[in-house]
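*Asks:* Could you look at this predicted model? Sequence included:
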Amino acid sequence: MVADKVELLTHKAGDSEATRWESSGEGTYTIESVDDAPQGTSVTLHLKPEDAEDELHDYTSDWKIKSLVKQYSDFIAWPIRMEVERRNPAAEEGGEEVVTIETETINSMKALWARPKDEVSEEEYKEFYKHIAHAWDDPLEVIAMKAEGTFEYQALLFIPSHAPFDMFNRDAKVGVQLYVKRVFIMGDCDQLMPEYLRFIKGVVDAQDLSLNVSREILQQDRQINAIRRRLTKKVLSTIKELQSERADDYRTFWTQFGRVVKEGLMSDFDNQDTLLQISSFASTHSEEDATTLAEYVERMKEGQEQIFYATGETRQQLLKSPHLEAFRAKGYEVLLLTDPVDEVWVGSVTEFDGKPLQSVAKGEVDLDSGEDKSEAEREEQEKEFADLLT
């Protein structure tokens, strides 16, 4: 608590009396009528003295007040004004400096997420992204959302163009900020985005949450869970659009974030099919270009019933593996999975598009094509009935 006592005085226009509410934060409060008070409402904080040991700052400092407003209330729709002291040099040499008191608006009131996307310029989005993400690069994609109905929220999300240096640190802070009615609540709300999308930056402004919501409450909050599901699906659908409509941007995205996105294959079973669709993998089909699973299935040989893959540390290591020799001889394409996470997610994914995933190094692999099988069956039948034919 920064104040020993809080006093609220309010006087409605047309009423003869005002009301004063006071509390010292000890579980009780007092209310009384006041005869002589101006119209309007005022809140007075009786601040505690500055104390470094208790982390009590000097909350009368202009700088401290401005920083708090910037952090928590910069985007609210009403101006927050503060009287500031200006010191101007003396008009004449040897004279005294002139001190004036001016009123300054200290919040920007510019909540970009509350404006229609077609009314916000690309430069405004870039500046906002760099401000909230503390980034130097431009965003790869901007995602603006607005939901109305059972619960309302607005979201402005950004897909970065470069991976952060700490992306593989699972303790790194998530980049989505939570606001309630434009008031800042927390800067790294990990309940709004799954861990495998921890690189997403942006803000979510909910209208129906309490201003004093805690992380513990958020974990059980039905609205937050619903918002998380919708945000996740929107981000994944946006990545899918990049994949189909902007191939170069998709390749940039996958190069930067693909290893993290694949973590979702073993944790987000609700979206596993979509994650498989947007994923790309190296394969024996091309030395340079990655392939999607859908492209792999289109190239499957006649009679091939499985999607073959190999896991290892490097592409070069896998290409030298004796396990691949038989597949190369048959002309079968093999996915080359070299990220550490690949060893894990392949145990959680059983098939794609009805085609089972099969390791070239594990289990029994039948490499005979349908044509080969038919020929082998004919030869076997000829041997079986040879005596009857002679």
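*Replies:* It's in. Numbers count the residues shown, from 1 in each chain.

*Asks:* Every contact and neighbour count from this point should use C-alpha atoms.
*Replies:* Will do.

*Asks:* mind listing what the residue nearest the centre of the chain touches?
*Replies:* Centroid check for the chain by C-alpha atoms, centre = their mean gives Ile200 as the closest residue, at 3.3 Å. Residues counted as contacts of Ile200 (C-alpha atoms under 8 Å, 6 or more residues apart in numbering) are 157-160, 174-176.

*Asks:* any chance of those in CSV, plus pLDDT and neighbour count?
*Replies:* Formatted as CSV, the contacts of Ile200 follow (pLDDT from 0 to 100; neighbours: other C-alpha atoms under 10 Å):
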residue, pLDDT, neighbour count
Leu157, 97, 25
Phe158, 97, 25
Ile159, 97, 23
Pro160, 96, 23
Val174, 62, 23
Gly175, 82, 23
Val176, 94, 27
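
*Asks:* Cross-check the contact I'm expecting between Ala133 and Lys201.
*Replies:* Yes: between Ala133 and Lys201 there is a contact at 6.3 Å, judged by C-alpha atoms under 8 Å.

*Asks:* which of those two has more neighbours?
*Replies:* Lys201 (23 against 19; other C-alpha atoms under 10 Å).

*Asks:* now the more buried one, nearest residue through space, not along the chain?
*Replies:* Closest residue to Lys201 apart from its sequence neighbours, by C-alpha to C-alpha, 6 or more residues apart in numbering: Gly175 at 4.4 Å.

*Asks:* how much space is there between the one you found and Cys189?
*Replies:* 8 Å (C-alpha to C-alpha, to the nearest Å).

*Asks:* Can you tell me what sits against the lengthiest helix in the chain?
*Replies:* Ordering each helix of the chain by length in residues (DSSP state H) puts helix 222-245 first. Applying C-alpha under 8 Å, 6+ apart, the set of residues contacting helix 222-245 from outside is 143, 151, 191-194, 218-219, 249-251, 271, 274-275, 277-278.

*Asks:* Where helices are concerned, which of those count?
*Replies:* 218-219, 249-251, 274-275, 277-278.

*Asks:* which residue ranges form the strands in the stretch 251-390 of the chain?
*Replies:* All strands of the stretch 251-390 of the chain, identified by DSSP state E, counting those that start in this stretch, fall at 280-283, 286-292, 307-311, 334-337, 351-352, 355-359.

*Asks:* List the buried residues in stretch 333-340.
*Replies:* 333-339 (16 or more other C-alpha atoms under 10 Å).

*Asks:* Distance across stretch 260-278, terminal residue to terminal residue?
*Replies:* 13 Å.

*Asks:* returning to that earlier point: common neighbours of Ala133 and Lys201, please.
*Replies:* Gly175.

*Asks:* Turn the contacts of Ile200 into TSV, including secondary structure and distance to Gly95.
*Replies:* TSV is the format used below for these (DSSP: H, G, I helix; E, B strand; the rest coil; distance: C-alpha to C-alpha, whole Å):
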residue	secondary structure	distance to Gly95
Leu157	strand	55
Phe158	strand	55
Ile159	strand	57
Pro160	strand	55
Val174	coil	55
Gly175	strand	53
Val176	strand	53
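
*Asks:* Redo these as a markdown table? Include distance to Gln306.
*Replies:* Formatted as a markdown table, the contacts of Ile200 follow (distance: C-alpha to C-alpha, whole Å):
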| residue | distance to Gln306 |
| --- | --- |
| Leu157 | 38 |
| Phe158 | 37 |
| Ile159 | 34 |
| Pro160 | 36 |
| Val174 | 38 |
| Gly175 | 39 |
| Val176 | 40 |
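
*Asks:* Relative to Gly40, which of the residues you listed is nearest.
*Replies:* Ranked by distance to Gly40 (C-alpha to C-alpha), these are led by Val176 at 36.7 Å.

*Asks:* Report the beta-bridge partners for Gly202.
*Replies:* Leu157, Val176 (DSSP bridges).

*Asks:* before we move on, back to that, and the residue nearest to Lys201, what does it touch?
*Replies:* Contact analysis of Gly175 by C-alpha under 8 Å, 6+ apart lists 133, 187-189, 198-202.

*Asks:* one more time with 6 Å
*Replies:* Contact analysis of Gly175 by C-alpha atoms under 6 Å, 6 or more residues apart in numbering lists 188, 200-201.

*Asks:* just the helices in the stretch 251-390 of the chain please.
*Replies:* Under the criterion DSSP state H, counting those that start in this stretch, helices of the stretch 251-390 of the chain are mapped to 272-278, 293-299, 315-319, 325-330, 342-345, 370-384, 386-389.

*Asks:* about what we covered before: name the nearest of the buried residues of stretch 333-340 relative to Ser33.
*Replies:* Asp339 (70.4 Å).

*Asks:* Not counting residues beside it along the chain, what's closest to Asp205?
*Replies:* Using C-alpha to C-alpha, 6+ apart, the nearest residue to Asp205 is Tyr179, at 4.5 Å.

*Asks:* what separates the one you found from Pro194, distance-wise?
*Replies:* Tyr179 is 18 Å from Pro194, where distance means C-alpha to C-alpha.
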